[in-house]
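Asker: please find the sequence and the predicted model below.
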Protein chains: 2
Amino acid sequence: MGGPRFEPVQAVRAYERVVEQVEEAIERGVLTPGQRLPSERDLMVQFSVSRSTVREALRVLQARGLVRSRPGDPNGAEVLAFSPATLHKSMSTLARVSELSLAELVQFRMVLDASANLLAARLRTEEQLAEMDAAIARMREAVEESYESFSAADVAFHDAVARASGNKLIQICTDVVRSIVLDLVSEKIAGASDRKALMLESIGHHEEVLAAVRAGDGPLAARLARRTMYDYYAVYVPEGERPALLALLE
Amino acid sequence: MGGPRFEPVQAVRAYERVVEQVEEAIERGVLTPGQRLPSERDLMVQFSVSRSTVREALRVLQARGLVRSRPGDPNGAEVLAFSPATLHKSMSTLARVSELSLAELVQFRMVLDASANLLAARLRTEEQLAEMDAAIARMREAVEESYESFSAADVAFHDAVARASGNKLIQICTDVVRSIVLDLVSEKIAGASDRKALMLESIGHHEEVLAAVRAGDGPLAARLARRTMYDYYAVYVPEGERPALLALLE
DNA sequence: GCTAGTGCACTGGTCGGACCAGTAGGCTCT
DNA sequence: AGAGCCTACTGGTCCGACCAGTGCACTAGC
């Protein structure tokens, strides 16, 4: 016992130290989105490593969505504003390799969307209500056009609600999970025969939700939002897993 | 109008194609966790690219948490089971770079934890209830020990609830956001003077939540969980942002 | 015979140099 | 003054080399 306790030193690879430094600079605001990194040949001098090492570091930073490099660009790599793209990426691989079921994803959407509506009912501005109105109007037009435009309008509605919730994390996660769910059910939807009826029913549900949001009745809006989502996606969920979704509908 | 519509071809870099192929093999189950990739020198023959290109591809795959390579390993890189580590990484940079406030993070936790409790109230097994009991018992012991062990027991409780919810996505996101929140408030908590009172109060709240879960009263458990989280974290949230949290407490 | 120690044949990590295709901006020529 | 070329960069890729580890087979010693 006693004596100095040494921490285990793990060989930190050179490219990782490069990543760390650049990452820290970005997070501390020293490097802001739109700014350019020095060229790879400059970086290899500044860090006194080889260009291979610099490039491996840049690949990691690029995979994390922090920078982007373009061949032939006279400037260096560009510092990017954070986008949920990498979050989306990791969550979709999670969905694929970690065997997330559609039921779990829809359930998650139900939770998030309901919360977004609950918050939006109290915090929404008139402009945001107008956006939701416009989105529903576009949904109605799109019924006669294509499923794609209907879906786009539907997404716009849910996104407006998410933004009105005032919580960026809810907004981003909603967006990410939604696109994963849409990917999963897209082929199934394409084969549905009574699509038009489903769309019309969905529009009615959305109007009820919006009415509750407009009235400021958060709990009602949340309940309706859950119900709307369930009615729309339940058919794609294996019957055995539907009870878990119903559990959210009290 | 008319004529063939060509899609814009964007120069796909060689290392990206390598990433794609390996990624697809992992997602299709051709490569399963624990298996080894061929060595870099083998891969450069198979893909007929240089080792630099192979290495850049491996860096990307490693950044995405799909493989890990160890120097000196006689085998190639190891295929990893997906862990939320990369999800955690991207969400924490999101929290730092994208200026997520503590209020938003806590609000998100309130939403997820409440839903987990709602579901757990219906789906929990006896073993899971026992786990929650044990966690609370450890919390009580830890009051006299240290904040760290108290926090660890607290995490164990919430994790047991999240697992009992039956939704892996809720579990993972709860875990990720929780650790980010704990990081943010850790230094503030360290300076709190009346920590013991807070801990005791928190234990009482947890017991109420657990009672509701045991009784199968989901809505009550959810409400209590939100309240518990609010009471515990509100002091760290700037006063101006607390109303947004209160909006969840109906 | 079996164990302990030693090489050896790999591995990944890093380096340096080289070439290519692309870009942007300055330059020249008209 | 404008249109076109030219050049000096950029990133992408390749090659060859060396180093420090690791695991395994082999060997020397018991």
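Answerer: Yep, that arrived.
Asker: and the strand or helix carrying residue A:90, which residues are buried?
Answerer: Assessed by DSSP states H and E, residue A:90 sits inside helix A:85-97. By neighbour count on 16 or more other Cβ atoms under 10 Å in any protein chain shown, the buried set for helix A:85-97 is A:86-97. Glycine gets a C-beta too; all of them are placed from N, C-alpha and C.
Asker: how much does it deviate in direction from helix B:85-97?
Answerer: Orientation check (axes from the mean of the first three to the mean of the last three Cα atoms, to 10 degrees): helix A:85-97 against helix B:85-97 gives 160 degrees.
Asker: for helix A:85-97, enumerate the helices and strands it packs against.
Answerer: For helix A:85-97, the elements it packs on are helix A:168-191, helix B:14-27, helix B:85-97, judged by 3 or more Cβ pairs under 8 Å, 6 or more residues apart in numbering or on different chains; DSSP states H and E.
Asker: sorry, back to before: for the buried residues of helix A:85-97, give me CSV that also has distance to residue A:13.
Answerer: CSV is the format used below for those (distance: Cβ to Cβ, whole Å):
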residue, distance to residue A:13
A:86, 21
A:87, 25
A:88, 28
A:89, 23
A:90, 22
A:91, 27
A:92, 28
A:93, 23
A:94, 26
A:95, 30
A:96, 29
A:97, 25
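Asker: from these, which single one is nearest DNA strand D?
Answerer: residue A:86 (17.3 Å; Cβ to the nearest atom of the strand).
Asker: against residue A:74, how distant is the nearest residue to that closest one once chain neighbours are set aside?
Answerer: Spatial nearest neighbour of residue A:86, excluding adjacent residues (Cβ to Cβ, 6 or more residues apart in numbering or on different chains): residue A:65 at 3.8 Å. Noted for residue A:65: a distance of 23 Å to residue A:74, by Cβ to Cβ, to the nearest Å.
Asker: per-residue pLDDT, whichever residue of chain A sits closest to chain B?
Answerer: Using Cβ to the nearest Cβ, the closest approach of chain A to chain B is made by residue A:63 at 3.8 Å. According to the prediction, residue A:63 has pLDDT 94.
Asker: give me the spatial nearest neighbour of it, chain neighbours excluded.
Answerer: Closest to residue A:63 by Cβ to Cβ, 6+ apart is residue B:63, at 3.8 Å.
Asker: quick check, residue A:184 in contact with residue A:104.
Answerer: No. Using Cβ atoms under 8 Å, residue A:184 makes no contact with residue A:104, being 11.1 Å away.
Asker: more neighbours: those two, which one.
Answerer: residue A:104 (23 against 20; other Cβ atoms under 10 Å in any protein chain shown).
Asker: three-state assignment of the more buried one?
Answerer: helix (DSSP: H, G, I helix; E, B strand; the rest coil).
Asker: how much space between it and residue A:240?
Answerer: In terms of Cβ to Cβ, residue A:104 sits 13 Å off from residue A:240.
Asker: cool, and residue A:131?
Answerer: Distance of residue A:131 to residue A:240, given as Cβ to Cβ: 38 Å.
Asker: find the nearest non-adjacent residue to residue A:185, please.
Answerer: Nearest to residue A:185 is residue A:236, by Cβ to Cβ, 6+ apart, at 4.9 Å.
Asker: quick one: that neighbour and residue A:188 touch, right?
Answerer: Yes. Shown here, residue A:236 and residue A:188 form a contact pair, counting by Cβ under 8 Å, at 5.4 Å.
Asker: these two: who's more crowded?
Answerer: residue A:236 (15 against 11).
Asker: not counting sequence-adjacent ones, nearest residue to the residue of chain A found nearest DNA strand D?
Answerer: Per Cβ to the nearest atom of the strand, residue A:39 is where chain A lies closest to DNA strand D, at 3.1 Å. For residue A:39, ignoring the flanking residues on the chain, the nearest one in space by Cβ to Cβ, 6+ apart is residue A:76 at 4.6 Å.
Asker: doesn't that neighbour fall inside a strand?
Answerer: No. Secondary structure of residue A:76 (three-state DSSP): coil, not part of a strand.
Asker: contacting residues for it?
Answerer: Contacts for residue A:76 (Cβ atoms under 8 Å, 6 or more residues apart in numbering or on different chains) come out as A:36-40, A:42-43, A:69.
Asker: max pairwise distance over those residues: which two?
Answerer: The most widely separated members of the contacts of residue A:76, counting by Cβ to Cβ, are A:42 and A:69 (13.3 Å).
Asker: all strands of chain A, in order?
Answerer: For chain A, applying DSSP state E gives strands covering A:67-68, A:78-79.
Asker: could you export these as JSON lines, including distance to chain B and mean pLDDT?
Answerer: Below are the strands of chain A laid out as JSON lines (distance: least, Cβ to the nearest Cβ, whole Å; pLDDT from 0 to 100):
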{"stretch": "strand A:67-68", "distance to chain B": "12", "mean pLDDT": "94"}
{"stretch": "strand A:78-79", "distance to chain B": "10", "mean pLDDT": "94"}
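Asker: let me have those strands in CSV, extended by mean neighbour count.
Answerer: Listed next are the strands of chain A as CSV, based on neighbours: other Cβ atoms under 10 Å in any protein chain shown:
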stretch, mean neighbour count
strand A:67-68, 19
strand A:78-79, 18
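Asker: okay, those in a markdown table with distance to DNA strand C next?
Answerer: Putting those into a markdown table (distance: least, Cβ to the nearest atom of the strand, whole Å) gives the following:
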| stretch | distance to DNA strand C |
| --- | --- |
| strand A:67-68 | 14 |
| strand A:78-79 | 12 |
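Asker: now distance to residue B:16 too, for those strands, in TSV please.
Answerer: Converted to TSV, the strands of chain A look like this (distance: least, Cβ to Cβ, whole Å):
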stretch	distance to residue B:16
strand A:67-68	13
strand A:78-79	18
